[in-house]
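>>> Below: sequence and its predicted model.
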Amino acid sequence: MVFNIPNVLTLIRLALIPLFVGVMYFPDHWLSVPNAGLTAAGIFVAAAITDAFDGYLARRLNQTTAFGAFLDPVVDKLMVMAALIVLVDLQRAPSVLALVIIGREIAISALREWMARIGKSANVAVSTLGKIKTTAQMIAIPFLLYDKWLFGVIPCHWIGSFSLWVAAALTLVSMVYYLRVAVKVGAV
């Protein structure tokens with residue numbers, strides 16, 4: 001494993017996953033529910049920011065590695081999946097949305113692996129639609145982790161729920177897009 005700045009950022013993001021999950025389950029006498037939600041949301045946002053920077057830095061500093069190319073998307077998926085499981089457990093997100101999003105991530109990861117094996121990985125590279133879906137998820141999750149009124153005027157639960165529904169819809173649309181691409185190139 002190569003320790004460069006982008007890979008270290010990815011490993012930090014990996015370490016932040018159990019931290020934001022754990023914070024949500026601290027006893028009330030350690031951290032009140034609103035403070036736990038705000039802390040977990042802050043940790044999640046910090047992790048999301050490292051995700052935005054590690055890829056940029058890898059390209060900018062010419063520090064791309066096979067390890068980083070493998071680990072980055074895995075950590076991204078783990079982060080979202082962990083958050084969705086917590087949100088379902090805390091009854092802040094419908095389980096059907098979590099199943100749709102997690103199921104799509106597994107299916108598309110398997111499809112990408114298959115396409116790489118047959119030399120067609122470029123055909124299922126991340127699309128703009130996939131990036132918009134990810135953005136909707138990264139908006140939804142922190143709002144649902146906090147799940148209160150922010151500054152007394154921002155309805156976090158409503159914004160988070162709406163964004164999660166948008167993310168789930170985009171999840172299905174992007175999955176159909178990737179499957180059509182795979183069919184078109186004769187992979188399935």
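Received, thanks.
>>> Spatially central residue in the chain, please.
Val80 (3.5 Å; Cα atoms, centre = their mean).
>>> ok, that residue - contacts?
Ile101, Glu105, Gln137, Ile141 (Cβ atoms under 8 Å, 6 or more residues apart in numbering). In this view, the C-beta of every residue, glycine as well, is placed from N, C-alpha and C.
>>> Please repeat the previous calculation with a cut-off of 10 Å.
Under the criterion of Cβ atoms under 10 Å, 6 or more residues apart in numbering, the contact partners of Val80 comprise 17, 44, 48, 98, 101-102, 105, 134, 137-138, 140-141, 167.
>>> Separate out the buried members of these.
When burial is judged by neighbour count using 16 or more other Cβ atoms under 10 Å, the buried members of these are 17, 44, 48, 98, 101-102, 105, 134, 137-138, 140-141, 167.
>>> Nearest to Asp28 among those?
Phe44 (20.5 Å; Cβ to Cβ).
>>> helices or strands next to the helix or strand hosting the closest one in the packing?
Under the criterion of DSSP states H and E, Phe44 resides in helix 33-60. When contacts are defined as 3 or more Cβ pairs under 10 Å, 6 or more residues apart in numbering; DSSP states H and E, helix 33-60 packs onto helix 5-24, helix 66-89, helix 128-146, strand 149-150, helix 156-184.
>>> ok, now with 6 Å
In terms of contacts (3 or more Cβ pairs under 6 Å, 6 or more residues apart in numbering; DSSP states H and E), helix 33-60 is packed against helix 5-24, helix 128-146.
>>> In that helix, which residues are buried?
Buried, per 16+ other Cβ under 10 Å, within helix 33-60: 36-41, 43-44, 47-48, 50-51, 54-55, 57-58.
>>> Now Gly119, what are its backbone angles?
phi 80, psi 20 (degrees, to the nearest 10).
>>> any idea how far it lies from Asn4?
To Asn4, Gly119 is 28 Å away according to Cβ to Cβ, to the nearest Å.
>>> Equivalent analysis for Tyr146, please.
Counting by Cβ to Cβ - Tyr146 and Asn4 are separated by 33 Å.
>>> That'll do, ta.
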